[in-house]
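Q: the following comprises the amino acid sequence and a computationally predicted model.
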Amino acid sequence: MQATLKVRRYTPEAAAGDGSPREPQYQTYTLDVPDYFTVLDALIKIREEIDGTLAVRCSCRAAVCGSCAMRINGQSRLACKTKLIAIAPQGQTVTVEPMANMPVLKDLVVDMEPFWAKIRAVQPWLQPTGPKPEREYIVPNEAMLGLNGVMACIMCGACVSACTVLEIDQNFLGPAALAKAYRFVHDPRDGKTRERLAELNKYGGIWDCTHCFECVTACPKGVAPMDRILELRHDAVTHGFTNTNGARHAEAFTELVRHSGWLDENRLPVQSVGLFNIKELVQLMPVGLRMLIHRKMPPIIHRPIPGIENVRRLFAKFSHE
């Protein structure tokens with residue numbers, strides 16, 4: 001088959017005619033490849049036979065090391081796991097770009113230091129408390145079953161590349177770090193659960209995720225980072241960390257739906273920021289004004305939906321399980 005790859009090229013030290021840094025450019029390569037070729041196979045062929053200046057990072061070529069994560073047709077993927085025939089069966093052009101949300105060193109190679117800094121920030125090591133045990137702590141198999149999925153993470157960074165929150169706020173810990181934090185919060189050998197949750201409950205932590213599902217889609221190992229973040233939120237509330245906008249928002253959302261069967265969008269922001277948080281309430285006023293001008297304001301009188309008793313019965317059932 002004939003493959004066409006449109007590769008984003010960037011060399012930081014290269015200067016334009018006026019001496020300023022050269023802007024990234026796209027370069028198209030066309031080559032004949034076997035049907036079994038992956039995107040990584042094609043990139044290696046380009047580097048070895050067509051253009052030796054192309055920079056690409058790879059190692060195992062078996063979806064184990066995670067080093068070949070990049071954006072392929074706009075989605076964060078492992079290049080070694082993405083077959084050309086699957087994404088371009090009719091020979092369509094395949095666009096290849098470096099991972100997002102990380103500085104580009106050259107071409108398809110990014111600087112992973114910000115990624116590792118966020119991983120280190122969640123203290124990814126066991127912190128047992130109490131007296132030193134006389135012998136090793138053998139963890140029961142059933143206690144580790146819930147951690148099997150998250151421990152499959154290969155630290156490729158695909159979820160971080162796909163994260164829409166990191167695009168606008170680099171203070172967010174990100175899906176990979178929070179999934180790693182989940183692994184230690186739920187490890188029965190760790191004794192710092194409450195302390196960990198207190199840190200994760202702060203700005204940039206568990207409440208900043210917007211539920212976009214991009215990290216779930218991007219993860220090549222099924223870790224589902226967003227699901228882990230939601231479980232950490234539940235853990236935080238269970239341990240009494242409820243004095244945040246995020247926790248209040250979750251509680252208000254639940255109670256409003258329980259009350260009327262649908263969301264009261266007038267009361268939700270007020271209950272989320274807190275009735276006495278005058279500063280944040282004032283900041284919300286321009287949003288409400290724009291909604292009013294564009295006729296997007298929810299009805300002032302919020303009536304329960306027909307059959308609300310069924311909704312309340314569901315809440316009552318699951319609240320006792």
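A: Yep, that arrived.
Q: so which strand or helix has Arg196?
A: Element membership for Arg196 (DSSP states H and E) is helix 193-200.
Q: give me the contact list for that helix.
A: Helix 193-200 has contacts (CB atoms under 8 Å, 6 or more residues apart in numbering) with 122-123, 173, 178, 181, 184-185, 190, 205-206, 232, 235-236, 239, 241. C-beta: built from backbone N, CA, C; applies to glycine.
Q: again with stretch 46-66
A: Residues outside stretch 46-66 that contact it (CB under 8 Å, 6+ apart): 5, 7, 9, 27, 29, 31, 40, 43-44, 67-68, 70, 78-81, 105-109, 154-158, 220.
Q: buried residues in it?
A: Neighbour-count burial for stretch 46-66, counted by 16 or more other CB atoms under 10 Å, picks out Ile46, Arg47, Leu54, Ala55, Val56, Arg57, Cys58, Arg61, Ala63, Cys65, Gly66.
Q: likewise stretch 144-154?
A: Leu147, Gly149, Val150, Cys153, Ile154.
Q: any idea how far apart the tips of that stretch sit?
A: Using CA to CA, to the nearest Å, the end-to-end distance of stretch 144-154 comes to 18 Å.
Q: skipping adjacent residues, who's closest to Cys80 in space?
A: Closest residue in space to Cys80, ignoring its immediate chain neighbours: Leu40 at 4.3 Å, by CB to CB, 6 or more residues apart in numbering.
Q: could I get the full set of helices for the stretch 1-150 of the chain?
A: 39-45, 84-87, 113-121, 141-144 (DSSP state H, counting those that start in this stretch).
Q: and those helices, which is most packed in?
A: Mean neighbour count (mean count of other CB atoms under 10 Å) peaks for helix 39-45 among the helices of the stretch 1-150 of the chain, with a mean of 22.
Q: how far off centre is that helix?
A: 27 Å (CA atoms, centre = their mean, to the nearest Å).
Q: isn't Met70 right next to Pro98, touching?
A: Yes - with contact defined as CB atoms under 8 Å, Met70 and Pro98 form a contacting pair (5.9 Å).
Q: more neighbours: which of these two?
A: Using other CB atoms under 10 Å as the criterion, Met70 and Pro98 rank with Met70 on top: 31 against 25.
Q: now do the contacts for Asn253.
A: For residue 253 the amino acid is Phe, not Asn. Neighbouring residues of Phe253 by CB under 8 Å, 6+ apart: Leu263, Leu268.
Q: quick one, phi/psi of it?
A: Note on Phe253: its backbone torsions stand at phi -60, psi -50 [degrees, to the nearest 10].
Q: tell me the pLDDT of it.
A: On pLDDT, Phe253 comes in at 92.
Q: same question for Gln2.
A: For Gln2, the predicted pLDDT is 93.
Q: any figure for the gap between it and Leu54?
A: Remark: distance between Gln2 and Leu54 (CB to CB, to the nearest Å) = 19 Å.
Q: which parts of whichever strand or helix holds Met291 are buried?
A: Secondary structure assignment for Met291, by DSSP H and E: helix 278-293. Residues of helix 278-293 classed as buried by neighbour count (16+ other CB under 10 Å): none.
Q: which other residues reach that helix?
A: Contacts of helix 278-293 (CB under 8 Å, 6+ apart): Asn245, Pro269, Val270, Val273, Gly274, Lys296, Met297.
Q: off-centre distance for that helix?
A: Centre-to-centre, helix 278-293 and its host chain are 29 Å apart (CA atoms, centre = their mean).
Q: let me know the next secondary structure element after it.
A: Counting by DSSP H and E, the next helix or strand C-terminal to helix 278-293 is helix 308-319.
Q: so which bits of that next one are buried?
A: Buried residues in helix 308-319, counting neighbours by 16+ other CB under 10 Å, are found at Val311, Arg312.
Q: which other helices and strands contact it?
A: Secondary-structure packing of helix 308-319 (3 or more CB pairs under 8 Å, 6 or more residues apart in numbering; DSSP states H and E): helix 245-260.
Q: low-confidence ranges in the stretch 1-150 of the chain?
A: 14-21 (pLDDT under 70).
Q: about what we covered before: any chance of the helices of the stretch 1-150 of the chain in CSV, with distance to Val216 too?
A: As requested, the helices of the stretch 1-150 of the chain are exported to CSV (distance: least, CB to CB, whole Å):
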stretch, distance to Val216
helix 39-45, 21
helix 84-87, 19
helix 113-121, 18
helix 141-144, 22
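Q: roughly how far does Asp187 sit from Glu134?
A: Per CB to CB, Asp187 is found 20 Å from Glu134.
Q: ok, now how distant is the residue of the chain most remote from its centre from Lys192?
A: Going by CA atoms, centre = their mean, the residue of the chain most distant from its centre is Glu134, 40.2 Å out. Counting by CB to CB, the separation of Glu134 from Lys192 is 22 Å.
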